[in-house]
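Asker: when you get a sec, could you give me coordinates for this:
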Amino acid sequence: MTKEVRTRFAPSPTGDLHVGGARTALFNWLFTRNQGGDYILRIEDTDFNRSADQYTEQIKSALDWLGLNWDEGPDVGGPHEPYHQSQRLDRYKEVADELMKRGVVYPCYCTAEELEAERERQRARREPPRYSGRCRNLSEAEKEKFEAEGRDYAYRYRIPEKPATVKDIAKGEVSFPPDQVGDFIVIKSNGSPAYNFAVVVDDHDMGITHVVRGDDHLSNTPRQIYLYEEMGWQPPKWCHLAMILGSDGERLSKRHGATDVEEYREKGFLPEAMVNALALLGWSPPDGVEVKDVDELIEAFSLERVNKSASRFDFDKVRYLNGQHLRALPATEICERLEDFLPESLTKNDRENLPEIVELLREQLELLTDFAPLYETYFVDFSPEPSAVKWLAEQDGALEVVTVLKKHVEAAQSFSLADVESLIKAAGDELEQSGADLYKPMRVAVTGQLEGPEFHRLMVPLGRQRCLDRIETVLQAVEDLN
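Answerer: Numbers count the residues shown, from 1 in each chain. A predicted model of the protein is given here:
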């Protein structure tokens with residue numbers, strides 16, 4: 001392990017953190033923690049029209065919830081402050097001035113309409129959209145004419161006539177001829193730095209050694225390589241992650257379910273389960289075991305195992321993983337996680353018995369939000385299932401079991417688990433019955449269902465009176481059938 005590895009997650013605060021961004025943040029974090037390096041959070045907020053502080057705060061909150069702590073960045077500081085691009089404008093101007101002195105940038109007076117028309121013509125010819133270089137060799141007279149017309153201008157980098165080769169950990173070696181790249185903007189007409197320019201300056205200044213990001217940025221990489229070479233800076237190693245698809249093979253979108261991390265938090269997912277699910281989007285553990293905690297993921301993670309092909313985000317699989325992580329927790333910890341998801345109908349007595357209730361229902365829990373309807377089903381809105389009532393009415397000897405159970409519950413002086421187990425045994429001895437013939441009618445009497453949690457354990461938090469009320473309700477339902 002060394003401290004040489006430095007990665008960054010650099011979101012634009014123009015929206016909430018979505019699944020794709022969270023996957024990128026996680027892969028950087030896992031790789032960095034595996035290597036014992038430094039993980040930097042940088043906010044790329046130079047899109048002044050769309051960036052908003054509320055999104056910055058939401059992104060930080062989502063990362064914090066996932067446990068992806070950063071070593072340098074907002075709220076933490078570090079030796080490369082500031083970590084907001086909007087506060088680094090003087091640095092971008094300094095490097096831009098250097099490029100101007102070298103004569104490798106030039107003003108571009110093309111309007112948005114002219115550029116779009118150019119792209120349309122290229123698409124019609126099935127060519128990759130790129131800048132044609134129409135302002136590359138303007139005379140001074142032409143520049144003066146455009147400025148007299150009141151045209152704004154951006155600055156473009158004049159790319160060298162040689163290919164740029166990306167040596168990518170996931171994709172392998174990818175070469176881009178210059179005619180597929182085209183001269184690109186470094187300073188926008190409003191004076192703000194363009195993405196491909198600012199990110200190179202930041203990554204160099206912050207000593208980033210590995211850039212791990214979505215493969216929608218692969219086409220940006222040759223532009224950045226040109227700038228690294230121009231400035232004589234050492235480029236980072238690249239790893240571009242294949243896109244995330246929905247379960248139907250189409251690009252992941254809202255129609256596939258929640259796409260923002262905050263939505264999963266609100267739906268009752270655990271952060272460790274989300275981390276587990278996100279880690280499997282484009283990476284596979286060497287031992288083939290998919291259910292892993294964070295420490296196991298860190299130990300197993302490597303960029304060399306990142307998949308080249310697109311991954312599929314399966315909501316049902318995420319639920320399954322969440323259920324695995326949730327049910328593995330002690331009942332007391334599940335209670336702590338449930339604090340924001342408890343139903344208003346939870347009684348004071350049931351809150352005091354919450355660990356016992358959770359223990360009863362744990363096998364039916366996949367999400368924290370599953371608890372409230374299960375609680376109300378078993379503890380509040382008692383309504384015997386018609387099929388269970390019908391079974392009880394038609395099964396020989398079943399009603400007698402319920403009647404004897406009622407008698408022993410009425411006679412109970414205390415209602416601990418030992419007391420309940422004792423009265424059930426006493427009822428069985430009286431009836432000379434055991435097994436399903438004894439327990440199934442009792443289950444229906446207490447739960448109103450033919451299947452469910454262990455009914456004798458459910459009786460304890462329900463208490464003696466609620467058990468009696470339920471038995472009466474079930475017996476009345478049987479009578480109503482006749």
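Asker: distance of the residue nearest to Val306 when sequence neighbours are not counted relative to Ala10?
Answerer: Closest residue in space to Val306, ignoring its immediate chain neighbours: Ala170 at 4.5 Å, by Cβ to Cβ, 6 or more residues apart in numbering. The way it works is simple: take the backbone N, C-alpha and C, and place the C-beta from them, glycine included. As judged by Cβ to Cβ, to the nearest Å, Ala170 and Ala10 stand 18 Å apart.
Asker: which of those two has more neighbours?
Answerer: Taking neighbours as other Cβ atoms under 10 Å, Ala170 and Ala10 compare with Ala10 leading, 24 against 20.
Asker: now do the contacts for the more buried one.
Answerer: Leu41, Arg42, Ile43, Glu44, Val199, Asp202 (Cβ atoms under 8 Å, 6 or more residues apart in numbering).
Asker: could you redo the last one with a cut-off of 6 Å?
Answerer: Arg42, Glu44 (Cβ atoms under 6 Å, 6 or more residues apart in numbering).
Asker: any idea of the pLDDT on it?
Answerer: The model reports Ala10 with a pLDDT of 97.
Asker: quick one: the helices in the stretch 351-482 of the chain?
Answerer: Counting by DSSP state H, counting those that start in this stretch, the stretch 351-482 of the chain has helices at residues 354-361, 371-375, 386-394, 398-411, 417-431, 436-447, 455-462, 464-481.
Asker: quick one: closest of these to Asp97.
Answerer: helix 371-375 (60.3 Å; Cβ to Cβ).
Asker: give me the helices and strands touching the closest one, please.
Answerer: Contact here means 3 or more Cβ pairs under 6 Å, 6 or more residues apart in numbering; DSSP states H and E; on that basis helix 371-375 packs against no helix or strand.
Asker: how many residues are close by Leu63?
Answerer: 23.
Asker: which residue packs closest to it, ignoring adjacent ones?
Answerer: Ala25 (6.1 Å).
Asker: endpoints of stretch 206-220, how far apart?
Answerer: Using Cα to Cα, to the nearest Å, one end of stretch 206-220 lies 19 Å from the other.
Asker: which positions in it come out as buried?
Answerer: Buried residues in stretch 206-220, counting neighbours by 16 or more other Cβ atoms under 10 Å, are found at 206, 208-215, 217-220.
Asker: which residues touch it?
Answerer: Under Cβ under 6 Å, 6+ apart, the answer for stretch 206-220 is 5-8, 24, 27-28, 40, 80, 196, 236-242.
Asker: just the buried ones from the residues you listed, in PyMOL syntax?
Answerer: Here is the PyMOL command that selects the buried residues among those (16+ other Cβ under 10 Å):
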select buried, resi 5+6+7+8+24+27+28+40+80+196+236+238+239+240+241+242
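Asker: quick one: pLDDT of Met1?
Answerer: On the pLDDT scale, Met1 gets 38.
Asker: for the stretch 201-350 of the chain, just list every one of the helices.
Answerer: Along the stretch 201-350 of the chain, the segments classed as helices by DSSP H, counting those that start in this stretch run 221-231, 261-266, 271-279, 294-300, 315-327, 331-337, 348-352.
Asker: how about low-confidence regions in this protein?
Answerer: Applying pLDDT under 70 to the chain flags residues 1-3, 253-258.
Asker: contacting residues for the residue of the chain most remote from its centre?
Answerer: Computed with Cα atoms, centre = their mean, the residue of the chain farthest from its C-alpha average is Glu430, at 56.2 Å. Applying Cβ under 6 Å, 6+ apart, we find Glu430 in contact with Val404.
Asker: ok, 10 Å please
Answerer: Counting by Cβ atoms under 10 Å, 6 or more residues apart in numbering, Glu430 touches Glu400, Val401, Val404, Lys407, His408.
Asker: same thing with Val201?
Answerer: With contact set as Cβ under 10 Å, 6+ apart, Val201 has these partners: Gln85, Arg88, Arg91, Tyr92, Glu94, Val95, Ala96, Val186, Pro193, Leu227, Met231, Trp233.
Asker: quick one: the third one and His204, what's the gap?
Answerer: Separation of Arg91 from His204 (Cβ to Cβ) stands at 10 Å.
Asker: returning to what we had before: which of the contacts of Val201 fall in strands?
Answerer: Using DSSP state E, the subset of the contacts of Val201 located in strands is Val186.
Asker: hang on, the earlier thing: just checking, the residue nearest to Leu63 touches Leu68?
Answerer: Yes: at 5.5 Å, Ala25 and Leu68 qualify as touching, with contact defined as Cβ atoms under 10 Å.
Asker: identify the contacts common to the two.
Answerer: What both Ala25 and Leu68 touch, as defined by Cβ under 10 Å, 6+ apart, is the set Phe9, Tyr39, Leu41, Ala62, Leu278.
Asker: ok, residues contacting the host helix or strand of the second one?
Answerer: When elements are defined using DSSP states H and E, Tyr39 is found to belong to strand 38-41. When contacts are taken as Cβ under 10 Å, 6+ apart, the neighbours of strand 38-41 outside the stretch itself are 3-11, 25, 28-33, 59-60, 63, 68-76, 78-80, 83, 202-203, 206-209.
Asker: can you rerun that using 8 Å?
Answerer: Under the contact criterion Cβ under 8 Å, 6+ apart, strand 38-41 has outside partners 3, 5-10, 28-29, 32-33, 60, 63, 68-74, 76, 78, 80, 83, 206, 208.
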